[in-house]
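Peer 1: show me the folded form of this:
(2 chains)
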There are 2 protein chains.
Amino acid sequence: MPQPRHVQVIEGAPGLVIDTGFTAAVDGAGASDPRIAHAIPRFLAQLTRETGIFVRSTPVPAATHVALLVTVQHPDHAAPQRLGDDEAYKLTLTEKQARLTASTPLGVLRGLQTLLQLVGPGKQGFAIPAVEIDDAPRFAWRGLSLDVARHFIPVADVERTLDGMSAVKLNVLHWHLSDDQGFRVESKIFPKLQRIASEGQYYTQAQIRDVVAYARDRGIRVVPEIDMPGHATAMLAAYPELGSGAGPYQIIHEFGIFTPVMDPTRESTYTFVDKLIGEIAALFPDQYFHIGGDEVKSDEWEANDAIQRFMTIHHIEDGHALQAFFNRRVQKIVAQHHKVPVGWEEVLDASLPKALVVESWHGQDSLAAAAKQGFRGILAHGYYLDLMQPAAEHYAVDPMTGATSELSAAEQQRVLGGEAAMWEELATPHNLDMKLWPRLAAIAERFWSPQDVSNIDSMYRRLDATSRWLESYGLRHNEIPREMQERLAGPQPAAPLRIFASTLEPVKEYTRTDKVGGYTTSTPLNRLVDSVPPESDAARAFARDVDRFLNGASDGARVMQQLQRWSDNVPRVRPVLESNKLLLEAVPVADSERTLCEAGLRAVEVLRQNDLAARDVLKRSSASVDQAAESTKAEVVIAIAPPIQRLVKAAMAGSNE
Amino acid sequence: MPQPRHVQVIEGAPGLVIDTGFTAAVDGAGASDPRIAHAIPRFLAQLTRETGIFVRSTPVPAATHVALLVTVQHPDHAAPQRLGDDEAYKLTLTEKQARLTASTPLGVLRGLQTLLQLVGPGKQGFAIPAVEIDDAPRFAWRGLSLDVARHFIPVADVERTLDGMSAVKLNVLHWHLSDDQGFRVESKIFPKLQRIASEGQYYTQAQIRDVVAYARDRGIRVVPEIDMPGHATAMLAAYPELGSGAGPYQIIHEFGIFTPVMDPTRESTYTFVDKLIGEIAALFPDQYFHIGGDEVKSDEWEANDAIQRFMTIHHIEDGHALQAFFNRRVQKIVAQHHKVPVGWEEVLDASLPKALVVESWHGQDSLAAAAKQGFRGILAHGYYLDLMQPAAEHYAVDPMTGATSELSAAEQQRVLGGEAAMWEELATPHNLDMKLWPRLAAIAERFWSPQDVSNIDSMYRRLDATSRWLESYGLRHNEIPREMQERLAGPQPAAPLRIFASTLEPVKEYTRTDKVGGYTTSTPLNRLVDSVPPESDAARAFARDVDRFLNGASDGARVMQQLQRWSDNVPRVRPVLESNKLLLEAVPVADSERTLCEAGLRAVEVLRQNDLAARDVLKRSSASVDQAAESTKAEVVIAIAPPIQRLVKAAMAGSNE
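Peer 2: Presented below is the predicted three-dimensional model:
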């Protein structure tokens, strides 16, 4: 995962056995590339981590008998990694040798990850099956947008994320470095940015350079974002003279869309922006620079007489036009620093030069509109990992469906790819892995693999394996829920809590931050809802079993067994929930779960035995079932509720008689 | 854990609630100590990791209303941490404030760990119960001897180990830096030590300094060991002129006791030792320096005419006397570098100056003998974590039982404490945490807590909690088995393998390296035996249930349930075991487990119902039960076998009729 473009398994042929004698060698005109020099030992160390087999950690001279022969046909170009750099590779595996061939060092990086993913235990011990693979990505821009403003993410956690990204062949880290809640880069020119606007949580310039080098080694470009002119309250707290309001400004610790906005009418604003972009652009060798531009509010502009006069004089009609004015100036500054600007879709304005890349977060419509106007674009809409949606929902979103599918071939060329986005209202260094993985791997496949790789069952099967594999990179997504639940259980037994939690998911979309509310950057994220992954594997497996039963493909024994287990667990988990304040809120959820499970059990009975008396009981309880299913108490949803409701509905309809 | 000397729980009093407003302040004459300056933010960050509550990460000015007020009565002495430095502290907790008072910064470090351990979820959310604690250690030397020669342990893994050590109040890292299999420190004077003797795996001097500073920050002394004159083959491979044989020498990749030995009769040997000890002593500020001295073989000395002549001239009778000669010279060198020598018990010789500290690895006898002769000593015997013994066995060993208990009070003063030892034949950076933890915490309690803290059930109860708590320091002991077993299962379901593995333990003592044999430094450690922790929690719980049943304290239902579950699991795990070469060896173990479980079930039936026919069946199968119980196939033992054998024996005797 992502599934390669062409895979041919050589049926029946023995694979390449991994043993202590495993050696790797590199040849070709690009063999001495520094990225290759780092990648091969890293690959060998990873192979050891995956298998427990101590293989030689450095390459040997190229020869026919080595286990892995890597051919890099060309050296890298001198410039930093560029959008569209060739990432194709070919892999030929026999029992004697793995041959990995690529035109570029970047292709080799991709092929090595495929190789690592193919390793598994079998009749010969750890081995790689005999396959031929010919692979290249569908989209050139395959990114993750990582917000480090709302909660700061330290370097080690960013680097671990880069490890995971490279494993699933993502190639852009879009680093959202500033927002209302903080500015996260050291500035030598504007030191109040770290002294005031970061509240002590920022990357030094040396750290930025380290992360960029770390990413480059793994074939990942790093695109910095300085969000302007809105989402800039932290900057304004440090430099209130940039603002359109009277100031002073305070760093915002809540979440939402706020009114503070930079003043686009003063020349001093552009002097600041020019120096700041110059300083930051110098830290990031990438050709692209993200200027934000989302969710700008006009309130301060409207209340400021000088700005209103400026607008009248310059025939600027409204806020959108004023933002376009700002963007034209900023785009020029970006260009002067030899960068190409990227902006959230609000920046889209026909008046801007066509170099701009538009990032669509409302849907394919703005992407198509941008392409029609000659702008290039990337799709973020549908890939917001903070919304707690299942992998399947993200996977079903394609940059080339809807409005973009109707574009001309030339216009479609302007769709560069997409980005998953991780907004950090509720994400922190402690839970980040669980919020990103494994779902990010499914999105990575959407960006890399051919469009027709879209079977959900196949995706989930491979996602499960990939999720385990990613642990060998040190990602803790599978570990965090267990640890948090054990912490919540305290001295109480953790097993009932784990079973209960396995049936739950956090409420979706912006329910927690918007509807429930009250969250700030310092709200503890240590409750039951914070300990459950976005997607319940148990609920998904159960839904499959229910569907098989309702289709007549099974006798429902497994369904009953599961329901009974969850139902029996409720009296066990209740004392755990009652034992401490953090869990107490989930008591009604457990009670609802019991109601649901009992209704589910009765429904299976009705369906299996056509028990009319049971059906009557079921009918009488149907309102309480629906109520239980809709529970969002403790900010969790009961993820097994929908399949149980299907059972109940089928039983009441008597459809299976 | 370790249990404090005096704990008084204020019954019924509300505890101190941890919330986002939690603040810490320091006062007292030692408040500005650098160790305190590092420790407080580290404590606060750890508190956040433990609770998920974002507390302010820096201290505030001392005031009565802060949540934690730390009083450091005295600043640190100027020298590096010394043996016997005061580690006492007092902790007073009310619902308003935690007060931690210590004479020294070191005492504060210890008290902060106690505080972190007390945090738990309850009716008030995360809180610390109202207690008064007055604590100080029993022994001044509480160490871990860590072998990094047989398998190299990188800095990050050593530092993680130091985190764990400080959490359980250990205060000495005895760093076994050289052995037959490698020399692990960069030497500027003798660069072949890293170029040849390390095979590329060594610590740079900068890394050594980092680790020492990291340890000091956590109140841990670092005592380096350069093992001489035996266990020095790696050094001889680099500098064969030091050897007593003809050379050349090769680094040894096998395990055992080998003949290469330094030549104690040549002045050039002491010139080398002087320079090397001088260089290494300068890297380690600690007052003590470990010169090894264990398991010296005389073969090379006997075969070397020049050495034999030297011995005759100097009236050196035998190998032991020659080693004593060597040790006297080395001890003098160590003293010239202002260090106190430590040596394994073989160095014990009345002719040596009394400054020497003797490390006893055969038992309390040599410790007592040393004390009688005026030497100080520490006990390592009984604390070898590589022997895969249960925590209870290590816990039962006390430096002051046996021969040492008969010493005079003055002689007993010479027993400084003890050291757990982790020899790395079968330990690597990948599995180290599982080999050390949580058992090391039980040993730490033995060294810290009063001698009468010895109840096994209490120890295990607290060890379970401590084991979970230690995860918040990033220790992966609970995670490694799961990950390894999932890796072994590959595409097969992992759950049956986990259930099966939970009933197993690795074979004990030196069975794998000695009796089975064939292990080298590059042997993959990726089999089922490598994935199971030294001690089966499931087997321990089961044994307790069996005892309760046999004592008439339960009806045996739980025992039957467990046996049935394990028995039913065998047909499920068998296809997993058969699916790959790494697991295949465990098929007969699974079959033996089934035999045992079925016999166990029958035994319970006999005991519950006095079923004579069943007893006859049982009697006929008793030989096969014993055979199954003794299985060491796949290098694992079936840890549930002994309680099952107890059931069977009781049933055959009819003792429960």
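
Peer 1: so for stretch A:235-248, what gets flagged as buried?
Peer 2: Neighbour-count burial for stretch A:235-248 flags A:235-239, A:242-245 (criterion: 16 or more other C-beta atoms under 10 Å in any protein chain shown). (C-beta placed from N, C-alpha, C; glycine too.)

Peer 1: quick one: A:Val358 from A:Thr401, how far?
Peer 2: In this view, A:Val358 and A:Thr401 are 18 Å apart by C-beta to C-beta, to the nearest Å.

Peer 1: returning to what we had before: nearest to chain B among the buried residues of stretch A:235-248?
Peer 2: A:Ala237 (18.8 Å; C-beta to the nearest C-beta).

Peer 1: just the CA trace of the helix or strand harbouring A:Ala335, in PDB.
Peer 2: Assessed by DSSP states H and E, A:Ala335 sits inside helix A:319-336. Coordinates of each C-alpha in helix A:319-336 appear next as PDB, following Å, rounded to 0.1, in the frame of the first residue of the first chain:
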ATOM      1  CA  GLY A 319     -13.200  42.200   1.500                       C
ATOM      2  CA  HIS A 320     -12.600  39.600  -1.100                       C
ATOM      3  CA  ALA A 321     -11.200  42.200  -3.500                       C
ATOM      4  CA  LEU A 322      -9.000  43.600  -0.700                       C
ATOM      5  CA  GLN A 323      -7.700  40.200   0.000                       C
ATOM      6  CA  ALA A 324      -7.000  39.800  -3.700                       C
ATOM      7  CA  PHE A 325      -5.100  43.100  -3.600                       C
ATOM      8  CA  PHE A 326      -3.100  41.800  -0.600                       C
ATOM      9  CA  ASN A 327      -2.500  38.500  -2.400                       C
ATOM     10  CA  ARG A 328      -1.200  40.200  -5.500                       C
ATOM     11  CA  ARG A 329       1.300  42.100  -3.400                       C
ATOM     12  CA  VAL A 330       2.300  39.000  -1.400                       C
ATOM     13  CA  GLN A 331       2.500  36.900  -4.600                       C
ATOM     14  CA  LYS A 332       4.900  39.400  -6.000                       C
ATOM     15  CA  ILE A 333       7.000  39.200  -2.800                       C
ATOM     16  CA  VAL A 334       7.000  35.400  -3.000                       C
ATOM     17  CA  ALA A 335       8.100  35.600  -6.600                       C
ATOM     18  CA  GLN A 336      10.900  38.000  -5.800                       C
END
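
Peer 1: quickly note the distance from the closest residue to chain B within the stretch 151-300 of chain A to B:Ile333.
Peer 2: Closest to chain B within the stretch 151-300 of chain A is A:Gly200: 8.0 Å, counting by C-beta to the nearest C-beta. For A:Gly200, the distance to B:Ile333 equals 49 Å [C-beta to C-beta].

Peer 1: in what helix or strand does the residue lying closest to A:Glu471 once chain neighbours are set aside lie?
Peer 2: Spatially, and ignoring its direct neighbours in sequence, A:Glu471 is nearest to B:Glu483 (5.8 Å; C-beta to C-beta, 6 or more residues apart in numbering or on different chains). Taking DSSP H and E as the definition, one finds B:Glu483 inside helix B:479-489.

Peer 1: got a list of contacts for whichever helix or strand comes after that helix?
Peer 2: The first helix or strand that comes after helix B:479-489 along the chain, using DSSP H and E, is helix B:495-501. Outside helix B:495-501, the residues within contact range by C-beta atoms under 8 Å, 6 or more residues apart in numbering or on different chains are B:481-482, B:485, B:488-489, B:528, B:531-532, B:565-566, B:569-570, B:572-573, B:576-577, B:583, B:586, B:590, B:593.
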